[in-house]
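Got a predicted model here, sequence first, then my questions.
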Amino acid sequence: MEVTQNPVADSARKTPNAPRAWHRRQRLRLPRRIGAYYVKDLALGAALLMPTFLILGFVLVGPIIRIVHQSFFNVSLLRLSEGEWVGLGNFQRLLNDDVFWDSLLTTFWWTVGNVAIGSFIGFVLALALNRPFWGRNVVRAFVILPWAMPPVVVGMIFIFVLNIQVGVVNFVLVRVGVLSEAVAWFSAVGTALPAVMLSAIWRQVPFHVLVYLAGLQGVDEDLIQAAHVDGAGAWDRLRYVVLPHMTPYIILTGVLMTMWNFNNFDLIWSTTMGGPVRATNILSVEVFETMFRALDVGYASAIGVAWFLILLPLGTLGVIALERRTR
């Protein structure tokens, strides 16, 4: 018996495979098209970014190379073109310099104290300002004001507030019996660093509040309510629901404020100028005095290189920790 061919059935059997073959051919062609567009976009992006790279190279990379180069010379600020090659002599001097190590230790306590205390106070204020209450927006606006003030202005404010004769702090503490007599906060060795830290924390807390408030806006209220229904107390909800979500924000503020405090100069210079008896002499002040008072450009450059080598791993570790927490 002869079997007749049915063209309709044959077309039906071949139809499902046709789109697959077509898509397979398209997939084979797609990378070439994407590659061409990618190369064009890459070239366009590089052309648009080139002015920015040139500016950064001029104002950032160039000075860094210059500082590293000068750290190997004995150079005076008055005779920059007459430097004498000393190799690692400036760095050897650095290792044996007690003033440098004292400044580094002061910088450490200055940075750790400001970041830790400012972060804690900022987090508490952010939790309070995240709750609804009458006039919350007005309070938020006033909390941000210290961060908007220039550091020199903040220093002048605290010089007046902590003044031994007319300062309100001494007046209140003597009246309530905490102090028997007024204290010269910025002039005493034991109180100068805490006084400058107080002014720095007062200015930095608003930044912590801003970042933490932004993070608290993203906390899922349903999770908090579910934890409350399950019997979790306020501390447990904060510890197991809020803090895990806030960890990237805490790391972010920690890294940024560590860099800022390590590099701070204007606030200390406007209040104590590194004194008394180098009690507030952090690395930035030490570099300034070495460069513009001792006129020793080579040694000041060596301190700057050591300063950079200290901050680089700290910043790198902070960025790595932040990326791992945000994945």
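Looks like it came in fine.

wait, is Ala182 part of a strand?
No. Judged by DSSP: H, G, I helix; E, B strand; the rest coil, Ala182 forms no part of a strand; its state is coil.

just checking, it touches Asn170?
Yes. Judged on Cβ atoms under 8 Å, Ala182 makes contact with Asn170 at a distance of 3.9 Å. Where C-beta positions appear, they are placed from N, C-alpha and C, glycine not excepted.

Among those two, which residue is more densely surrounded?
Between Ala182 and Asn170, counted using other Cβ atoms under 10 Å, the more crowded position is Asn170 (20 against 17).

that older thread, if I look at Ala182 and Asn170, which residues touch both of them?
Ile164 (Cβ atoms under 8 Å, 6 or more residues apart in numbering).

mind listing what the closest residue to Val168 other than its chain neighbours touches?
With sequence-adjacent residues excluded and distances taken as Cβ to Cβ, 6 or more residues apart in numbering, Val168 is closest to Val161, at 5.8 Å. By Cβ under 8 Å, 6+ apart, the contact set of Val161 is 167-169.

in which helix or strand would I find Trp134?
For Trp134, there is no host helix or strand (DSSP states H and E).

Any figure for the gap between it and Ala126?
19 Å (Cβ to Cβ, to the nearest Å).

Pick out whichever of those two has more residues nearby.
Using other Cβ under 10 Å, the more surrounded residue of Trp134 and Ala126 is Ala126, with 23 against 6.

Touching, that one and Leu213? I think so.
Yes. Here Ala126 reaches Leu213: they are 4.9 Å apart, a contact under Cβ under 8 Å.

Need the per-residue pLDDT for Gly215.
Note for Gly215: predicted pLDDT of 91.

Check the secondary structure at it for me.
Going by three-state DSSP: Gly215 is helix.

Grab the nearest non-local neighbour of it.
Tyr249 (3.8 Å).

Please give me every residue in contact with the one you found.
211-212, 214-215.

which parts of stretch 231-239 are buried?
In terms of neighbour count (16 or more other Cβ atoms under 10 Å), stretch 231-239 has its buried residues at 232, 237-238.

For that stretch, measure first residue to last.
One end of stretch 231-239 sits 14 Å from the other (Cα to Cα, to the nearest Å).

Please state the offset of that stretch from the chain centre?
Chain-centre distance of stretch 231-239: 30 Å, with Cα atoms, centre = their mean, to the nearest Å.

show me the contacts for the residue lying closest to Thr106 once chain neighbours are set aside.
Computed as Cβ to Cβ, 6+ apart, the closest residue to Thr106 that is not its neighbour in sequence is Ile282, at 5.4 Å. Residues near Ile282 by Cβ under 8 Å, 6+ apart: 103, 106-107, 110, 264, 268, 274.

same thing but at 6 Å, please
106-107, 110 (Cβ atoms under 6 Å, 6 or more residues apart in numbering).

and it, backbone torsions?
phi -90, psi 180 (degrees, to the nearest 10).

Need the per-residue pLDDT for it.
pLDDT, Ile282: 93.

And Arg324, by the same measure?
Model confidence at Arg324 (pLDDT) stands at 78.

Which strands or helices does whichever strand or helix holds it pack on?
Per DSSP H and E, Arg324 falls inside helix 297-326. When contacts are defined as 3 or more Cβ pairs under 6 Å, 6 or more residues apart in numbering; DSSP states H and E, helix 297-326 packs onto helix 62-70, strand 73-76, helix 89-95, helix 243-262, helix 283-292.

Could you dump the ones you listed into JSON lines and include distance to Met50?
As requested, the helices and strands packed on helix 297-326 are exported to JSON lines (distance: least, Cβ to Cβ, whole Å):
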{"stretch": "helix 62-70", "distance to Met50": "16"}
{"stretch": "strand 73-76", "distance to Met50": "33"}
{"stretch": "helix 89-95", "distance to Met50": "36"}
{"stretch": "helix 243-262", "distance to Met50": "28"}
{"stretch": "helix 283-292", "distance to Met50": "33"}
